[in-house]
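Asker: quick one, structure for this:
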Amino acid sequence: MDSNALATVLQKVRAWQVFDAGALLDDVAAALDDVIPAEEHVDELAERLRGHLMRLVNIAVAAEEGQRDETAARLIAQARTLRTENMPGDHWKAVGHLRRMGWTANELLEHLVAARCLKEAV
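Answerer: Next comes the predicted model:
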């Protein structure tokens, strides 16, 4: 590798974040819980869910799960769409968006565990 390629690899290694299934499940629970997230916590929770969705999509793509399974392909597409959508300004619509992100993250996690792309989350 030349120095530019090595610098790119180093940058990606430094930016890498370990997959934390426990944190994902905590955020999914916060989004799907009967107790609606307070308005001041919505943006922070949405940002964490976007990160979880991005990591799950990256895992699914690396494992080529979307090419093997129609459900995985649908969940990957849904995760990508939800990740890029802006949060609605209305609190109730924002909670609905959080719940869609949480549901999608949970479903994709379960699918990846069933496909043995990830170990079962505890």
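Asker: could I get the full set of helices for the chain?
Answerer: Counting by DSSP state H, the chain has helices at residues 3-15, 21-32, 39-62, 65-68, 70-84, 91-114.
Asker: between the ones you listed, which one is closest to E120.
Answerer: Of all these, it is helix 91-114 that lies closest to E120, at 5.2 Å by C-beta to C-beta. Bear in mind the C-beta positions are built from the backbone N, C-alpha and C, glycine included.
Asker: show me what the closest one packs onto, helices and strands only.
Answerer: helix 21-32, helix 39-62, helix 70-84 (3 or more C-beta pairs under 8 Å, 6 or more residues apart in numbering; DSSP states H and E).
Asker: check A121 and give its pLDDT.
Answerer: Looking at A121, its pLDDT stands at 63.
Asker: and Q17, by the same measure?
Answerer: At Q17, pLDDT is 72.
Asker: these two touch, right, it and R55?
Answerer: Yes. Counting by C-beta atoms under 8 Å, Q17 touches R55, with 7.2 Å between them.
Asker: the two: who's more crowded?
Answerer: The neighbour count for Q17 versus R55, taken as other C-beta atoms under 10 Å, is higher for R55 (18 against 8).
Asker: now that one: closest residue in space that isn't a chain neighbour?
Answerer: In this structure, R55 finds its nearest non-sequential neighbour in F19, 5.4 Å apart by C-beta to C-beta, 6 or more residues apart in numbering.
Asker: what's the spacing between that neighbour and R48?
Answerer: Relative to R48, F19 is positioned 13 Å away (C-beta to C-beta, to the nearest Å).
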